[in-house]
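# quick one, what's the 3D model for this:
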Amino acid sequence: MAICVTLIRMASTSARIGVVSSALSGVEVRSCLGTILSSAVFRRSARLARFLRFLIDQALDPNCRALKEYTIGVEVFDRPATYDPRLDPIVRVEARRLRAKLREYYEEEGANCPVLIEIPDRGYLPALHPRTTAAQQRGETISLVILPLVSLEASASLRSFAEGLTDEISSTLCGVHGLELVARTSAFQFRDRPGDIRDIGAELDADYVLEGSVRRERKRVRVLVQIASSSSGFRVWSGSYEQEIDSVFAAQAEIARRIASDLSCQKITANREVQRTSARTMLALYHKGRRYLNSRTNDGIRRSIECFQQVIERDATCALAYAGLADGYSLGARYDVLPPQESWRKARAAALDAIRIDCSLAEAHTALGFIELHYVRNTSSAEREFCTAIQLNPRYAPARQWYAWCLLASGRAELAIETIKAALDLDPLSPNARADLALALYFSRRYQDSVAECIRTLRSAPGFYRAHQLLGLNFLELREYSKAIEHFHLAISSSGRNSRIIVLLAHAYAATGRFDEAQKLASELTSPKAVYVPAIDFALLYSALGDYDRTFQFLEKAFLEDEGELIWMPVDPIHDGLRGDARFIPFLQRIGVGPDVRTITTQ
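Numbers count the residues shown, from 1 in each chain. Sure, this is the predicted structure:
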């Protein structure tokens, strides 16, 4: 499936003259390679797909200056060490087939592919260049709506700066050839009523939507802007700009000039001829699945899995859908929505399928890293996957966000906090990323700081249940039990009665001596009508009731059933009551994740 909208980014890394154009980045080349290999032209030719992937890997390797026929025969076509290219023409034959397949791809599905791959007649190291698309050749224009930039501070002066900068960007972009801007009055109607990018684009008849945020630190501002396709909702470009504010007007003009300069060079193009109905449907389904998944609610996680499965039914080679499906099953197990063992197995299979289809996809490596952390409980392999994802796509915020979980679980809290902040810089409006920052502060026993982050989360995402859950946990540790109970009730109602939060409410009741109410919640969870409740939740429940023997019985069951929540036992303050029990440290040693628990202090 061809990518409907492409953005040719200027590479930040150097490239070899005559092999890889300096206007292309390795990430962009690999992204386009994934699209090419999933096309109808290459989908049924595993041998040519392997050949092309090998050639691109070599082209992007700065240490590779030439490719020998012998090397290709051995590495790609599994010829023995005694292989003689003079007697076996396999490489030359397949190279001719590959050149023909590439020409066929660019004439049909790849008419708007932004990267041109040329394999020379004499030699095998491909040349990679930016490509003028059919839409550009016809001189088509595209339409863009510039939404009011959002001030991330409750400051009238910064909001005024953001609105002025929005106007300055609009004024400056008027000079970009082939770009039509939606009128300011139409765009500013969305200032106080944010909505889905696709709905905004449809209402204003715009191909793309530009949005962004403004932050201030002393006399400097940081502006993050991104452009998304109104047909799919996917981000196609983003940029970050910092500027000293010696003069407000001068700062606004300079930032707008830099944005316009970048966009002028980036050649955003609208490839309308490949925006078929089926492609739009699949992209919309994928996007819908991600939105459901971001809710982290019981119903949302289940619905996300359905969406990703529908995409795969339509296109079994869509690596993004497999990565999304892996995340759906993983978070279903992580948030106690689905039985863990079966869910983790399905998640791992989907993640590996995504990598098999497109090993350059950051979402796929991120999904596998999450599974390695929670299911395999191997922080080293998890860290390797997260770092690979970050290298492939430095702007994919969830990779940094979940890498921070890996750092937290292995006892590197300060680095985890910095990593989550980096994710927030990329996606400052993500309630899950901000909630993860609050979680890291909670695990670090910085309860007041965690409370402050939860409050910030609720300002931007009112009713978000994870923020209420974390507020309850922090107030539980601060012994402000009435506040903890209040927020646990709010979290239960907005999460679809998540069993973990019901158990935490029982903890709060038990801490205040309201054992009858705690026991009533226990009866709800053990009722025959209860939905799936993980063993670790029962362990927490009996811990709250002071029955440590039954606590460890259920911890053992959670271990045997591969429940991912176990990775937090070394650092979660909720387990402090168990730390004096002689069975605790041996149990943590069996989990195999986390710092030496004997170094953890309780407060």
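# can you show me the helices along the stretch 401-550 of the chain?
Using DSSP state H, counting those that start in this stretch, the helices of the stretch 401-550 of the chain run over 413-426, 431-443, 447-460, 465-477, 481-495, 499-511, 515-526, 535-544, 548-560.
# again but with the stretch 151-300 of the chain, I slipped
Secondary structure of the stretch 151-300 of the chain by DSSP H, counting those that start in this stretch: the helices cover 156-173, 184-188, 197-204, 248-266, 277-295, 298-314.
# from Tyr70, how far out is the residue of the chain most remote from its centre?
Distance from the C-alpha centroid of the chain, by CA atoms, centre = their mean, peaks at Leu87 (49.1 Å). Using CB to CB, to the nearest Å, Leu87 is found at 12 Å from Tyr70. C-beta coordinates here come from the backbone N, C-alpha and C atoms, glycine included.
# between those two, which contacts overlap?
Counting by CB atoms under 8 Å, 6 or more residues apart in numbering, no residue touches both Leu87 and Tyr70.
# show me what stretch 159-175 is in contact with.
Residues from elsewhere that reach stretch 159-175 (CB under 8 Å, 6+ apart): 144, 146-151, 179, 181, 184, 187, 210, 213-214, 216, 221, 223, 225, 245, 248-249, 251-253, 255-257, 259-260, 263.
# buried ones in that stretch, by neighbour count?
Residues of stretch 159-175 classed as buried: 159, 161-170, 172-173 (neighbour count, 16 or more other CB atoms under 10 Å).
# got those as TSV, with pLDDT and distance to Gly289 columns?
Shown next, in TSV, are these (pLDDT from 0 to 100; distance: CB to CB, whole Å):
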residue	pLDDT	distance to Gly289
Arg159	89	34
Phe161	92	37
Ala162	92	32
Glu163	91	34
Gly164	92	38
Leu165	93	34
Thr166	93	31
Asp167	91	36
Glu168	90	37
Ile169	91	32
Ser170	90	33
Thr172	84	37
Leu173	83	33
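# can you tell me which of those comes closest to Ala66?
Within those, the smallest distance to Ala66 is 44.0 Å, found for Leu173 (CB to CB).
# so what's the spatially closest residue to Arg456 that is not a sequence neighbour up against?
Residue nearest to Arg456 in three dimensions, not counting chain neighbours: Arg434, with 6.2 Å by CB to CB, 6 or more residues apart in numbering. By CB under 8 Å, 6+ apart, the residues touching Arg434 are Leu424, Glu453, Arg456, Thr457, Ser460, Ala467.
# who wins for most neighbours among these?
When neighbours are taken as other CB atoms under 10 Å, the top entry among the contacts of Arg434 is Ala467 (28 neighbours).
# shouldn't it be in contact with Ser450?
No. The pair Ala467 and Ser450 fails to qualify as a contact (CB atoms under 8 Å) at a distance of 10.3 Å.
# what do those two both touch?
Between them, Ala467 and Ser450 share the contacting residues Ala438, judged by CB under 8 Å, 6+ apart.
# where does the stretch 201-350 of the chain have low pLDDT?
Within the stretch 201-350 of the chain, the segments meeting pLDDT under 70 span 231-235, 264-280.
# likewise for the stretch 1-150 of the chain?
Applying pLDDT under 70 to the stretch 1-150 of the chain flags the ranges 1-28, 31, 132-140.
# repeat that for 50
Residue ranges of the stretch 1-150 of the chain with pLDDT under 50: 1-18, 134-135, 138.
# re the thing from before, can you say which of the contacts of stretch 159-175 are buried?
Using 16+ other CB under 10 Å as the burial test, these include 144, 146-151, 179, 181, 187, 210, 213-214, 216, 221, 223, 225, 251-253, 255-256, 259-260, 263 as buried.
# give me the most central residue, the protein.
What sits nearest the mean C-alpha location of the chain, by CA atoms, centre = their mean, is Pro398, with 3.3 Å.
# which ones are touching that one?
Counting by CB under 8 Å, 6+ apart, Pro398 makes contact with Glu363, Thr366, Ala423.
# so the second one makes contact with Tyr396?
The one in question is Thr366. Yes. Between Thr366 and Tyr396 a contact is recorded at 6.9 Å, counting by CB under 8 Å.
# could you pull out the residues contacting both of these two?
Ala389.
# so which of the two has more stuff around it?
Of the pair Thr366 and Tyr396, Thr366 is the one with more neighbours under other CB under 10 Å, namely 29 against 21.
# now do the SS call for that one.
Using DSSP: H, G, I helix; E, B strand; the rest coil, the structure places Thr366 in helix.
# Ala228 versus that one, what's the distance?
As defined by CB to CB, Thr366 lies at a distance of 20 Å from Ala228.
# isn't Ala438 right up against His468?
No. Judged on CB under 8 Å, Ala438 makes no contact with His468 at a distance of 11.0 Å.
# what is in contact with those two at once?
Cys454.
# sorry, back to before: any idea of the angle the strand or helix carrying the residue nearest to the centre of the chain forms with helix 413-426?
Element membership for Pro398 (DSSP states H and E) is helix 397-409. Helix 397-409 and helix 413-426 are oriented at 170 degrees to each other (axes from the mean of the first three to the mean of the last three CA atoms, to 10 degrees).
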